[in-house]
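Asker: Give the three-dimensional model of this entry:
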Amino acid sequence: MKQANILKPISPISYLYLLGWIFQIGFAGKFVFQALPYFSLDQEVFGRYWDFKWSPKNS
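Answerer: Next comes the predicted model:
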C-alpha cells in the first residue's frame, strides 16, 4: 500500500507565490476601501468638485 505524502515540505517558490497573492489581495482591498466613500455622493467627500457632480445637458 502506498503512503500519502501529506506533510511534504513547501518549496521556496511556493512561498513567493503565496506572498504575491497576499500582496495582490491586500492592494486590491486597499483600493476598494479607499474608493468606497465616493459612492455616497456627499458634499464633504467631493469638496470643491461638488458643483461638477452632474455633467451639463446638451441642448
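Asker: Off-centre distance for the longest helix seen in the chain?
Answerer: If you go by DSSP state H, the chain has its longest helix at helix 12-35. Relative to the chain's own centre, helix 12-35 is displaced by 8 Å; criterion: CA atoms, centre = their mean, to the nearest Å.
Asker: Pull out the buried residues from that helix.
Answerer: The neighbour-count criterion (16 or more other CB atoms under 10 Å) identifies no buried residues in helix 12-35. The way it works is simple: take the backbone N, C-alpha and C, and place the C-beta from them, glycine included.
Asker: could you give the mean pLDDT of it?
Answerer: The predicted model gives helix 12-35 an average pLDDT of 91.
Asker: again with stretch 43-59
Answerer: When pLDDT is averaged along stretch 43-59, the result is 74.
Asker: give the contact list for the residue most central in space within the chain.
Answerer: Relative to the mean C-alpha position of the chain, the nearest C-alpha, by CA atoms, centre = their mean, is the one of residue 28, at 1.5 Å. Taking CB atoms under 8 Å, 6 or more residues apart in numbering as the contact definition, residue 28 lies against nothing.
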